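Chemist: everything below, folded, please.
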Amino acid sequence: MKHLVAAGSAPGRDHALLERPNQDAWAAVEGAWGAAAVVCDGCGSEPHSGVGARLGAAMAASLIGRQMEAAGRLDLELLRVQMLCRLDLIVRTAAIDAREHLLFTLVGAVSAEEALVFACGDGLWAVDGAVSRLGPFPENRPPYLAYGLEGVPVGFERLYQGPASSVWVGTDGAADAPAELFACEERLLRNPDMVRRTLRRQRFADDATLALIVRRPL
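Modeler: Coordinates of the predicted model:
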């Protein structure tokens, strides 16, 4: 089997009007085992959470790739511990405030012999075109992985595990994406920048990020 990945992010209309940067991020990793993608959304009420989203996405993708290379499976509890250890090291060595910099949601997917979708926070995911949304949470306060640095019991929820030809993950800013967007996989796979362009045309109010993994026979 081969795996094709397409992803992109676009700033929201409200963020652009306020001259605020995009606080979303995504990262993907591929190997002989398959492919994985994660999307992260920084907490909008904190000044530098876009930094955490970018660090979190890159960190998660790298750790997932290492686990898959070594064991052929993803241990979500191990991923939680590994990420919290690294976030704690960043806080201590850089002397930064975790709440100002590191509050981000994460929705991820691994596509190997079977698919695994997981999340900590709000967003969306889809398997073979069937879309599910996460949240909203009370008072618009989703769980953030970095709360674990304060002793709060947070972790990754396993949303789906099983066969899948295609898997989507997205931030909550893309939650209102029209159904037809999830049916245009072939067009989005043709150009590495097509997902970002498509999201910009939708003109979402919030920052929006989507990642797609398609599994095909060789």
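
Chemist: what residues sit buried inside the lengthiest helix in the chain?
Modeler: Looking across the chain with DSSP state H, the single longest helix is helix 49-71. Within helix 49-71, the residues that qualify as buried by neighbour count (16 or more other Cβ atoms under 10 Å) are 49-61, 63-65, 67-68. The C-beta positions use only the backbone N, C-alpha and C, and glycine is treated the same way.

Chemist: quickly find the element holding the most centrally placed residue in the chain.
Modeler: Note on the chain: the residue nearest the mean C-alpha position is residue 39, at 1.7 Å, using Cα atoms, centre = their mean. Using DSSP states H and E, residue 39 falls within strand 34-42.

Chemist: following the lowest-mean-pLDDT helix or strand in the chain, which helix or strand comes up?
Modeler: In the chain, no helix or strand scores lower on mean pLDDT, DSSP states H and E than helix 13-17, which sits at a mean of 79. Where DSSP H and E defines the elements, the next helix or strand beyond helix 13-17 is strand 24-31.

Chemist: and that following strand, what does it pack against?
Modeler: strand 2-10, strand 34-42, helix 49-71, strand 208-216 (3 or more Cβ pairs under 8 Å, 6 or more residues apart in numbering; DSSP states H and E).

Chemist: now do the least confident helix or strand of the chain: distance to the chain's middle.
Modeler: On the basis of Cα atoms, centre = their mean, to the nearest Å, helix 13-17 is displaced by 21 Å from the centre of the chain it belongs to.

Chemist: sorry, back to before: contacting residues for the residue nearest to the centre of the chain?
Modeler: Contact analysis of residue 39 by Cβ atoms under 8 Å, 6 or more residues apart in numbering lists 7, 9, 24-26, 57, 106-108, 123, 169-171, 209-211.

Chemist: ok, these vs residue 187, which is closest?
Modeler: Closest to residue 187 out of the contacts of residue 39 is residue 210 (13.3 Å), distances taken as Cβ to Cβ.

Chemist: hey, what's the closest residue to the closest one other than its chain neighbours bridged with?
Modeler: Excluding the flanking residues, the one nearest residue 210 by Cβ to Cβ, 6 or more residues apart in numbering is residue 170, at 4.4 Å. With beta bridges defined as DSSP bridges, residue 170 has these partners: residue 124, residue 210.

Chemist: hang on, the earlier thing: bridging residues for the residue nearest to the centre of the chain?
Modeler: Taking DSSP bridges as the rule, residue 39 bridges to residue 26, residue 107.

Chemist: ok, residue 5 next?
Modeler: Where residue 5 sits in a bridge, its partners, by DSSP bridges, are residue 213.

Chemist: burial count for residue 100?
Modeler: Using other Cβ atoms under 10 Å, residue 100 has 14 neighbouring residues.
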